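Peer 1: A structural model of the following input is requested.
(2 chains)
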Amino acid sequence: MNATQIAQATEIAEHPMEGLLRMDRIPHIWCSTCGIGTAVTSFAEALKKSTFPLEKVCVVSGIGCTGRVAGYIKLDSFHSTHGRAIPFATGLKLANPQLKLVVFSGDGDIAGIGGNHFIHAARRNMDLVVLCVNNFIYAMTGGQTAATTPLTANTSTSPYGNFEHPFNLCHLAESCGAVYVARWTALHVRRLARSISEALNKKGFSFIEIICPCSTLYARRNRLGSGLDLMKFYHDNSVIKHGADTRELGIEFQKKIIVGKFIDRERPTFLDSHNAWLKHRLQDKFVEHGGPEC
Amino acid sequence: MKADPKGVLTGEHYLDGDHACSEGALAAGCRFLAGYPITPSTEVAERIAERFPEVGGIFIQMEDEMGSMAAVIGAAWGGVKSMTVTSGPGFSLMMENIGLAAMMEAPCVVINVQRGGPSTGLPTLPGQADMMQARWGSHGDYEIIALAPNSPQECFELVIKAFNLSEQYRVPVLLMTDECVGHMTEKVVIPPADKIELYPRRYTKLPPSEYLPFKPGKDMIPEMVKAGDGYKIHITGLTHDEKGYPVMNWQAQEKLVRRLVDKIRLHEDQLLDVEETQMDDAQVVIFSYGISSRVSIPALQKARREGIKVGLLRSIICWPFPEKKIRELANKVKAFVVVEMNYGQMYFEVERCVAGKAKTLLVPHGGGWVHDPEDIYKAIKEAAK
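Peer 2: Residues are numbered from 1 along each chain as shown, chains lettered A, B, ... in the order given. Okay, the predicted model is just below:
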C-alpha cells in the first residue's frame, strides 16, 4: 500500500449531514432505535434540498426527548421551556418576518403542556412549520401517559393500561386552521422529507406528525419487541391515504396507522392579515413592521 | 444612542400611569408587545395596540401569560426590543419564562401593575405584595432588576430606564407599579427624542468563527447577536457553557449561575437609585416605594411640624436592594419605618440590613386602598420615642 492508498483508506468520510449538525455535540443522547434521529435526518434532507438561505432558518424546541433536537441542528436554534416552543417561535417570527421558523418538539410538549399555544397558533395561521414527534408517551421522564397515549396501552403512570381518550393531532390541527397537515412514521423517511420540504415552502401554520418508536419505554412496557419490530409494525400497518378525512385519523393501540398528506390549503397568515387590515384601516399612517435597530 | 423620534410623543400630556408606561416603551424603542388582558394593566397594551401600527411595531394578544413571556424572549432574540405587561395572577404565570429570560440573558421588560392578592384577590384595587415574587418568583438562583415608579411621569421615565438596564445587564427588568399609580392621571412631560438617551443592544463585532454567545466581557456581560445573522447560535434554558451548549455538571453550574448572580450583585453601586426627602437631619427614616411613598409624605410633614426629625428614603430601584445605603444609615439613625402595601416584604430586607442597629417598624396594609397617613404618623411617633 503506497502513501496515497493509506491516506485514502484512513480518511474518515464526512457524515452526509455534517454541515447541518453540530458535530461537536455528537454522540447525541437518544437511545438506539429511537425514531427522533430518523426524523432529524429527514429534516436535514429537506433543508439540503431547500433553496431557502440556511442562516434564515431557526429551530425552536421545547422540553423532552425531541426537545433536544434544537441542540443538534446547526442553525440558529433555541431550546425553550416545556410547551412554549410555539409562542417562543411566534415572537422570533414576528420580530423578524424574514426568518423561517421550525418548531421541532414532541407530543407531550406540543399537544400536552403546550396544547393551548398549538391551537391558537393554528387559529392565527402563524407562519411556522411544526414537526411533532409522537412517541405516545412522556419519554424523557420515564414513559408516563401522554395526551396521545392510545387507549389500553401501558405506561409508567397507567400500569393497568390507559383509559383516557387520546388526541387525534391531525384532526385538531385541521380544525384549528392549519394550512398543511401530514403524518408519517419514522419508517417513511423519504416521504417525510418531501412533506417537510413542502411545509418549508408553504406560508402559514404547517403541521407534520411523525409517529416514532420508543423501544426503551413504550415498546418494552407494552411488550412490542425491539425497535426493529416497531419498524416492521409500521411497515405492515401503515396505510397511505392522501387527503383522508382527518376525523378518521385517530390512532388505536397496535392498529393500522393512516399516513399521508391530508390538508394543503391557503389562508392568510397572521402577518398577512395584520399588514393588510391595518393598511386598509390606517392607510398611509400604517408603518409595516421594521422598527429601529436596538 | 438617541431615541427614534417616530415613537416619541414630545410635549405635555395628561396621562394615567398605564398610558405613560406605553409612551415610555415607545420612546425606548420597544416594538414588540405580547400580552394577555388583565386588570389593572390592560390600558398599557390597549394604548400600544393603537400606537404600534404607526411606528412599525407589532402587538399580539397571546392566549395566556406563559405564551406572552415566551414570545417576548423570542422577539428579543429576533432583534427587537420587547416587553409584556400584566398583574398578579399573570405575573405568577410568567415566572416560568422570566427564569428562561434570566438564563438566556434576553433583554426584555415586564410591567406588573400590582393589585391585591393572593389569587384573584382585588382585581381593580392596589397592592404591593408581589415584591418578593419579583425577586424570587422563578425557580433557581438568578438576580433581577426591579423598579418602582410613584407617578405617571415616573412611569414614563422608568420604563425607558428599565429598557436601558435590560440592555446593559442583559436581564429581564421588572417595573413594579401598582393600580393607584397605573390609574392616577397627572401631567406627563415627554421630552424631545434627542434628549432621551438609550442603551444600544450589545451586539458583537466578532465574526461567527470567534463568537461565543455566553463568553462574558470584563463586566461579566456577554455580547449578543440576533437570529438570522448567520452565527448559528444555540441558546438553551439548560445549564450551558460559553458556547451555549448544555453541560450537566456542578462546575458548569457554578460558572454560569455564579455569573448570572454576580453580574447584578457586583454592580449594586451602579444600580443604587433612591430618592431622599428631608434626610439630612433625620433620626427616623421612612423607607417606602411606589404609591406608599407618596402617602407617607403627609405623615412626614405632620411629624416634622411637631419637631420630629423624620425623612423619607424612597427606593426607585427596589432590586437589587439598596443594602449599603440602609447599612450606612443604620449606624446614624434611630429607627426605620417601612411603609408598604403588604404584611412585610421589603420590611424584612430593611430589618436584615439594619441588623439590630436601629429600631425597625412596619406599617402594614393588605392592599385594596392606600395607607391612612395617620397610621404612618403614629408609627413615626412610636419610632421617635
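Peer 1: And stretch B:120-140, end to end?
Peer 2: Between the opening and closing residues of stretch B:120-140 lies a distance of 26 Å (Cα to Cα, to the nearest Å).
Peer 1: Quickly check: that stretch near chain A or not.
Peer 2: No - contact of stretch B:120-140 with chain A is not found when judged by Cβ under 8 Å from any Cβ of the partner chain; the minimum separation is 10.3 Å. Glycine gets a C-beta too; all of them are placed from N, C-alpha and C.
Peer 1: in that stretch, what counts as buried?
Peer 2: Neighbour-count burial for stretch B:120-140, counted by 16 or more other Cβ atoms under 10 Å in any protein chain shown, picks out B:121-122, B:125-131, B:133-135, B:137-138.
Peer 1: Check chain B for its longest strand and report it.
Peer 2: Ordering each strand of chain B by length in residues (DSSP state E) puts strand B:108-116 first.
Peer 1: mind checking which helix or strand of chain A has the lowest mean pLDDT?
Peer 2: Of the helices and strands making up chain A, the lowest-confidence element is helix A:3-10, at a mean of 68, by mean pLDDT, DSSP states H and E.
Peer 1: And the next helix or strand past that helix?
Peer 2: Elements were assigned by DSSP states H and E; along the chain past helix A:3-10, the next helix or strand is helix A:36-49.
Peer 1: I'd like the next helix or strand past that next one.
Peer 2: Elements were assigned by DSSP H and E; along the chain past helix A:36-49, the next helix or strand is strand A:57-61.
Peer 1: Report the rounded mean pLDDT for that following strand.
Peer 2: Taken as a whole, strand A:57-61 carries a mean pLDDT of 98.
Peer 1: got the angle between that strand and helix A:36-49?
Peer 2: With axes from the mean of the first three to the mean of the last three Cα atoms, to 10 degrees applied, the angle from strand A:57-61 to helix A:36-49 works out at 160 degrees.
Peer 1: Show me what strand A:57-61 pairs with in its sheet, parallel or antiparallel.
Peer 2: strand A:76-79 (parallel), strand A:100-106 (parallel) (DSSP bridges).
Peer 1: Please give the centre-to-centre distance between the longest one and its chain.
Peer 2: For strand A:100-106, the separation from the chain centroid amounts to 6 Å (computed by Cα atoms, centre = their mean, to the nearest Å).
Peer 1: who's in contact with whatever helix or strand comes next after it?
Peer 2: Proceeding N to C from strand A:100-106, the next assigned helix or strand is helix A:107, under DSSP H and E. Residues external to helix A:107 that are found in contact with it (Cβ atoms under 8 Å, 6 or more residues apart in numbering or on different chains): A:132, A:133, A:134, A:135, A:136, A:146, A:147, A:148, A:169.
Peer 1: Determine which two of the residues you listed are furthest apart.
Peer 2: Spanning the widest gap among these are A:133 and A:147, at 13.9 Å by Cβ to Cβ.
Peer 1: Those two - which one has more neighbours?
Peer 2: Counted by other Cβ atoms under 10 Å in any protein chain shown, residue A:133 and residue A:147 do not tie: residue A:133 has more neighbours, with 30 against 20.
Peer 1: Contacts only, for residue 152.
Peer 2: You didn't pick a chain, so chain A it is. Counting by Cβ under 8 Å, 6+ apart, residue A:152 touches A:161, A:162, A:163, A:253.
Peer 1: should've been chain B
Peer 2: Taking Cβ under 8 Å, 6+ apart as the contact definition, residue B:152 lies against B:15, B:16, B:17, B:19, B:20, B:181, B:184, B:185, B:186, B:187, B:188.
Peer 1: Now which of the residues you listed would you call buried?
Peer 2: Going by neighbour count (16+ other Cβ under 10 Å), those have B:15, B:16, B:17, B:19, B:20, B:181, B:184, B:186, B:188 buried.
Peer 1: Flag the shaky bits of the stretch 201-350 of chain B, pLDDT-wise.
Peer 2: Scanning the stretch 201-350 of chain B for pLDDT under 70 picks out nothing.
Peer 1: Run through the residues of it sitting next to chain A.
Peer 2: Applying Cβ under 8 Å from any Cβ, we find that the stretch 201-350 of chain B lies next to chain A at B:201, B:226-238, B:245-246.
Peer 1: Could you list the low-confidence segments of chain A?
Peer 2: Scanning chain A for pLDDT under 70 picks out the ranges A:1, A:3, A:6-7, A:9-12, A:290-294.
Peer 1: taking the buried residues of stretch B:120-140 one by one, which sit in strands?
Peer 2: In this view, the buried residues of stretch B:120-140 that belong to strands under DSSP E are B:122, B:125, B:126.
Peer 1: contacting residues for the second one?
Peer 2: It refers to residue B:125. Contacts were defined as Cβ under 8 Å, 6+ apart; by that measure residue B:125 touches B:115, B:116, B:179, B:367, B:368, B:369.
Peer 1: Among those, which one lies nearest to chain A?
Peer 2: Within the contacts of residue B:125, proximity to chain A (Cβ to the nearest Cβ) peaks at residue B:115, which comes in at 23.7 Å.
Peer 1: That closest one touches residue B:367, doesn't it?
Peer 2: Yes - using Cβ atoms under 8 Å, residue B:115 is in contact with residue B:367, at 7.4 Å.
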